[in-house]
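# starting from these lines, generate the structure:
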Amino acid sequence: MKKITLTLLFVFITFISFSQDTEAPTAPTNLNAIFYQNDNGTNILYWNNATDNVAVTAYDIYVNDNFHITVPHLDGQSQQDVLIEGLFGLSYCFYVVARDAAQNTSETSNTDCFHRNPSTSDQFPDDLYLSAIVNGDSNNKIIEISNLTDINANLDNYSIKISRDGNATWQDTYTFPSGHILNDLDAFVIGRSTGTFCADEYDVIDDIITDFDGNDVIGFFKNDVLIQSYGTLGDSSVIMNANTAYTVNTGAIELNYFDINFWTEMDLATPLGSICYYYIGTTEFIVLSTEDNTQNSFSIYPNPTNGDIVTIDTKNNVEITAVKVFDLTGKQVLQQTNVSNEINVQGLQQGVYILQIESDNKLTTKKLIRQ
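Model prediction:
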C-alpha cells in the first residue's frame, strides 16, 4: 500500500510540475544537412542540442516546411544527428524544433537547404563548381572553382563570365589556361596582380574577371552553358558585402540559378584560422588550391571502410608526421601525431570526411568514407 501511495504521489507531483512548466526550450542551433548516399535518397542532419529549464525530450524534424519525423533527445550529448532516407527530389530544406515533456516547443532552428542532381549515384558533385568568392578591398578579389568529382578534369570547356552593375548581358569572359587539368580534391584560384590575401594560393592572375564589387554577377559556364552563378543576370542588387568571403553550401553546387541562402558569408575581419588553406561553410569543406607534389605519394585503404583501421600506403619512403580528419563542415574530428601508417577511425560516425596528411611540411588531402 505504501509503495502504491508513493508512486501515485510521484505521478501527481510530476503532473503538477509539467502542468506548471510553461517555459519553452531554446532553439537548436547550427543545423547542417549533408547529402550522404544518393541511391537511397539519404541525408544526414546534425545540430547543436537545445536546452530547457526542466528537460528537452524530443526534436521534430521538418522537411520543406512539413513535419517529417520526431526523434528523442539524447541526454549527455551536445550535438545530435539523424539519417533521413527516401528523399529523391531535387531540392529540400530542413529545420528542427525542440520539445520538452510539457509539450512546450522551441523556436525553429536555422534552415539548411540541399539541392542535388538525382541522376548522380555518387555522394559527390558530378561537375566542377564555383566554390568561393572573396570580395576584399580593391586589391583582394578572388574567384575559386573546385573539383570533388572523383576524377581529374580538363578545364578547356569551362569559362567564367561577369556582368557589372545590373547589365543584362555578360560583359567579360575568362577562359582557363589551355589543357589545364584540375585534379580531384583541388581548386583553381584566380586573384589580382596587386592582391595580398591568400596570394600564395593563386593559380593565375587576371585583373579583368576579378574586377567586381557588391552588385556584380559572376557566372560559371561549361560549353558556354551556365552551370552556376553568384547573382542574377540583370539584377543590380548589392549581394556582396565589403571585406567578406562567400563560400557555396554543399546543396548549391549544381544550381544554375542564384539563391543567396545557398551561400555562407564570412567576415574577413574575423579570425578564421587557416582560412587560406580551407574555408568552413554551413555544409561545405572547401579545399583551396595548393602546390602539392606529394598528392600521388599516398593512397588509403580500405576506402570506403566499415572497419576501425584505415591504412595509409606511402610511396617513395615518404614520412608521415601528422594526420587530421575533418568532417564536411570543416570541423576537425580526429588528429594523430607521430603516426604510423594505420589510423584508428573507430570514433567516426558514418559519413564523408577529409583526411589531411602532413609530410615534409606539405599537406595532402584525401576523401575518406566511413560506412
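# how about low-confidence regions in the stretch 151-300 of the chain?
Counting by pLDDT under 70, the stretch 151-300 of the chain contains low-confidence residues at 185, 249-257, 269-297.
# what about the strands in it?
Ranges of strands within the stretch 151-300 of the chain are 153-154, 158-163, 172-175, 181-182, 186-191, 204-205, 217-222, 225-230, 244-248, 263-267, 278-280, 285-287, 298-301, based on DSSP state E, counting those that start in this stretch.
# for the fifth one, C-alpha coordinates in CSV please.
Okay, so that is strand 186-191. Provided in CSV are the C-alpha atoms of strand 186-191 (Å, rounded to 0.1, in the frame of the first residue of the first chain):
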residue,chain,number,x,y,z
ASP,A,186,41.8,20.5,-55.7
ALA,A,187,40.7,24.0,-56.6
PHE,A,188,41.6,26.7,-59.2
VAL,A,189,42.1,30.1,-57.7
ILE,A,190,42.1,33.4,-59.7
GLY,A,191,43.4,36.5,-58.0
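# re earlier: looking at the strands of the stretch 151-300 of the chain, which is closest to Glu319?
Across the strands of the stretch 151-300 of the chain, Glu319 has its closest neighbour in strand 298-301 (11.5 Å, Cβ to Cβ). (Glycine included, C-beta is placed from N, CA and C.)
# okay, now the sheet partners of that closest one, with direction.
Strand 298-301 sits in its sheet next to strand 309-314 (antiparallel), going by DSSP bridges.
# what comes into contact with the partner strand?
297-303, 320, 323, 341-345, 355, 357, 368 (Cβ atoms under 8 Å, 6 or more residues apart in numbering).
# from the residues you listed, which land in strands?
Using DSSP state E, Phe298, Ser299, Ile300, Tyr301, Val323, Glu342, Ile343, Asn344, Leu355, Ile357, Leu368 are the members of these that sit in strands.
# for PyMOL, what selects the buried ones among those residues?
PyMOL command restricting the ones in strands among the contacts of strand 309-314 to the buried ones, with burial defined by 16 or more other Cβ atoms under 10 Å:
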select buried, resi 298+300+323+343+355+357+368
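# which of the ones in strands among the contacts of strand 309-314 sit farthest apart?
Most distant of the ones in strands among the contacts of strand 309-314, by Cβ to Cβ, are Ser299 and Asn344, 18.3 Å apart.
# mean confidence for stretch 342-357?
The average pLDDT within stretch 342-357 is 80.
# low-confidence ranges in the stretch 1-150 of the chain?
1-19, 35-42, 88-91, 114-126, 150.
# where's stretch 193-209 relative to the chain centroid, distance-wise?
24 Å (Cα atoms, centre = their mean, to the nearest Å).
# contacts for it, please.
Stretch 193-209 has contacts (Cβ under 8 Å, 6+ apart) with 134, 136, 139-143, 160, 162, 172-174, 177, 188-192, 210, 268, 275-276, 288-290.
# can I have the buried ones of the residues you listed as a PyMOL selection?
Written as a PyMOL command, the selection of buried residues from the contacts of stretch 193-209, which uses 16+ other Cβ under 10 Å, is:
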select buried, resi 134+136+140+141+142+143+160+162+174+188+189+190+191+192+210+268+275+288+289+290
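# okay, domains of this structure per the record?
Residue ranges for each domain of the chain read 23-115, 129-287, 295-370, as given by automatic domain parsing.
# where do the helices sit along this protein?
2-20 (DSSP state H).
# from Phe262, how far off is Tyr268?
You called it Tyr, but residue 268 is Leu. To Phe262, Leu268 is 20 Å away according to Cβ to Cβ, to the nearest Å.
# repeat that for Tyr246.
According to Cβ to Cβ, Tyr246 stands 10 Å off from Phe262.
# quick one: which of the two has more around it?
Higher neighbour count among Tyr246 and Phe262: Phe262, with 25 against 21, using other Cβ atoms under 10 Å.
# I'd like to know how far the residue nearest to Thr321 when sequence neighbours are not counted sits from Ile300.
Of all residues not flanking Thr321 in the chain, Glu358 sits nearest, at 5.1 Å (Cβ to Cβ, 6 or more residues apart in numbering). Here Glu358 is placed at a distance of 14 Å from Ile300 (Cβ to Cβ).
# ok, Asp203 next?
As defined by Cβ to Cβ, Asp203 lies at a distance of 26 Å from Ile300.
# and if you look at Ala242?
Taken as Cβ to Cβ, the span from Ala242 to Ile300 is 41 Å.
# can you check Thr111 too?
Distance, Thr111 to Ile300, by Cβ to Cβ: 35 Å.
# what of Phe212?
39 Å.
# swap in Ala101?
46 Å.
# check Leu31 too.
Between Leu31 and Ile300 the distance is 30 Å, computed by Cβ to Cβ.
# ok, Thr26 next?
Going from Thr26 to Ile300 by Cβ to Cβ gives 40 Å.
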